[in-house]
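Engineer: what's the 3D shape of this:
(chains A and B)
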Amino acid sequence: MSEVPSELKYTSDHEWLRIEDDGNVVVGVTDHAQAALGELVFVELPEQGSEVGQGDACAVVESVKAASDVYAPITGEILETNEQLGDAPEKVNQDPYGDGWLFRMRPADVDALGDLLDADAYQALLDELD
Amino acid sequence: MGWLWRVAPRGPTEGERRDAFALNLSGFRTEGRRTRMGRVCRYLPVLPEHAMALRTPLHDQHLSDGAKIVDFSGWDMPLHYGSQIDEHHAVRRAAGVFDVSHMCVVDLRGADARPLLSRLIANDPGKLKSPGRALYTCMLNTRGGVIDDLIVYFFADDWYRMVVNAGTRDKDVAWLRQHADALSVEVLERRDLAMLAVQGPQARALAAPLVGVAAERALALKPFSAAVDGDWMVARTGYTGEDGWEVVLPAGEARETWQALLAAGVRPCGLGARDTLRLEAGMNLYGQDMDEDVSPLACGLGWTVAWAPEDRDFIGRAALEAERAAGPPPRFVGLLLEDRGVLRAGYPVHVPEGEGIVTSGGFSPTLSRSIGLARLPAGESGRCEVEIRGRRLSARIVSPPFVRHGEPRIDL
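Structural biologist: Numbers count the residues shown, from 1 in each chain, chains lettered A, B, ... in the order given. Below is the predicted model:
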């Protein structure tokens, strides 16, 4: 049973978003995703300052099994990336909602956040997969 | 989050894209291959030969050991039991056990067993001079392509045993029977047997009291030799680059033996660790590094082709001779990625002589670097560039194995 924190937003691509007080968002992959991927051995992150469109493949997480794209969940600017993952990609497995975050973005349009899944909707999606 | 499909021959369709995540969760092989397997499994209601997933006698045991189960060539097999990387290290440093009962034991019984082999395998069964000796070989089609790679054991003039891959067992057995038809030899598929690979520096010592061959005999086996006792066979062979045994046993005794091995301190290991261990050991994986369209000369297995005696007319010989006469074969090499990233099967490789391809790639837990096997145009280059998601990353061309008996064999 994977963890789905109630305060976060989600996408159907198994990414989570934490909306911060200043309106920026932190993005990572869900507990379900990290468990499914297996042990991560490499993470490729977007360039700081780059503009990404919703659905753009902007990061890659590679596990012992395979490589997978991470899509920008919303349109906006990449403000910061989690540089710790360069030497310690396993943080994504160990703490997907904490130290394993991937990048922080400034949304181009705050209304777009309303289209994301809440925890209940994401949980329902996971239940469907089982 | 979605899966990378760029190395696949074509992009995914919408339907596949939606399924991509779920497919990959159960996939084990690298993506180019998995794409195809995934499509087959999902869009044809059944696999060609089997209406439902095949299971080894240890399936329930794997579930109670906490295995993550995936499809492998139509079989439900353990991918790992928690941590693929820890399992990998256990085999390099201590001992691990793999359920490889999906592989197929085929006995050749009868006076014409040797003539059959002499015709069907590219290595020379004449090298098997004393009972218990084993030989690694390819079985070729008339075009020189690899039908399968396998180990053949010699026990008596009228008894040879082959261990063949799970994904090729049906076609292998059909091919053997087709050629055995006019001969005095029976091709017996031993579905009544299970097989365990116990590998690692401590494997033999820990397993010796637990196998159905007297410990003294088993421990005296030299590499590439086997001993039999009834339906038990212990062979000093493996697919990890470590010392150890492959043990064939009656299916009904598999569970008890597995549990005893675990109780003795042997760690259960899945197909994930098996793949990274064989890659570090520089060993080919059928279906990935070679298949029916690739000759042994083009996948680093030229050393398994016995050209002598010259009058041994094995199937594929004429094609290999023509290939050899036509010029130098492609190089089959090891790659060590110098930049950060992970090599994967299907990535293009650029050398001054032209373009090649990564046939196997992944992360090496022992070296903490990405390594791979690649087929390149003939040449002398010591370096290359691998194209990963549109970028060219630098890699060094090395001679496998990368790791042997726990130790790195290449300079980092």
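
Engineer: domain ranges for chain B?
Structural biologist: Taking automatic domain parsing as the reference, chain B has its domains at B:1-45, B:57-326, B:330-408.

Engineer: Please dump these into a markdown table; it should also carry distance to chain A and mean pLDDT for every row.
Structural biologist: Yep, even glycine has a C-beta here, placed from its N, CA and C like the rest. Supplementary listing: those in a markdown table, determined by distance: least, C-beta to the nearest C-beta, whole Å; pLDDT from 0 to 100:
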| stretch | distance to chain A | mean pLDDT |
| --- | --- | --- |
| domain B:1-45 | 4 | 31 |
| domain B:57-326 | 5 | 98 |
| domain B:330-408 | 4 | 97 |
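
Engineer: Make CSV out of those domains and add distance to residue A:46.
Structural biologist: Formatted as CSV, the domains of chain B follow (distance: least, C-beta to C-beta, whole Å):
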stretch, distance to residue A:46
domain B:1-45, 14
domain B:57-326, 27
domain B:330-408, 13
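
Engineer: To residue A:48, which of these lies closest?
Structural biologist: Residue A:48 sits nearest to domain B:330-408 of all the domains of chain B, at 17.1 Å, using C-beta to C-beta.

Engineer: First-to-last residue distance for the closest one?
Structural biologist: One end of domain B:330-408 sits 26 Å from the other (C-alpha to C-alpha, to the nearest Å).

Engineer: ok now it, how far from the chain's centre?
Structural biologist: Going by C-alpha atoms, centre = their mean, to the nearest Å, the spacing between the C-alpha centre of domain B:330-408 and its chain's C-alpha centre is 19 Å.

Engineer: Make sure residue B:117 is indeed in a helix.
Structural biologist: Yes - residue assignment for residue B:117, taken from DSSP: H, G, I helix; E, B strand; the rest coil, places it within a helix.

Engineer: I'd like to know how many residues surround the nearest residue to it once chain neighbours are set aside.
Structural biologist: Nearest residue to residue B:117, sequence neighbours excluded (C-beta to C-beta, 6 or more residues apart in numbering or on different chains): residue B:125, at 4.3 Å. Residue B:125 sits with 22 neighbouring residues when counted by other C-beta atoms under 10 Å in any protein chain shown.

Engineer: Likewise for residue B:85?
Structural biologist: Using other C-beta under 10 Å as the criterion, residue B:85 is surrounded by 18 other residues.

Engineer: got the contact list for the residue lying closest to residue B:406 once chain neighbours are set aside?
Structural biologist: The spatial neighbour of residue B:406 that comes closest, neighbours along the chain excluded (C-beta to C-beta, 6+ apart), is residue B:92 at 4.9 Å. Under the criterion of C-beta atoms under 8 Å, 6 or more residues apart in numbering or on different chains, the contact partners of residue B:92 comprise B:200, B:242, B:277, B:366, B:403, B:406.

Engineer: Turn those into TSV, including distance to residue A:124, neighbour count and secondary structure.
Structural biologist: TSV is the format used below for those (distance: C-beta to C-beta, whole Å; neighbours: other C-beta atoms under 10 Å in any protein chain shown; DSSP: H, G, I helix; E, B strand; the rest coil):
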residue	distance to residue A:124	neighbour count	secondary structure
B:200	45	28	coil
B:242	46	23	coil
B:277	40	28	helix
B:366	42	19	coil
B:403	45	25	strand
B:406	48	16	coil
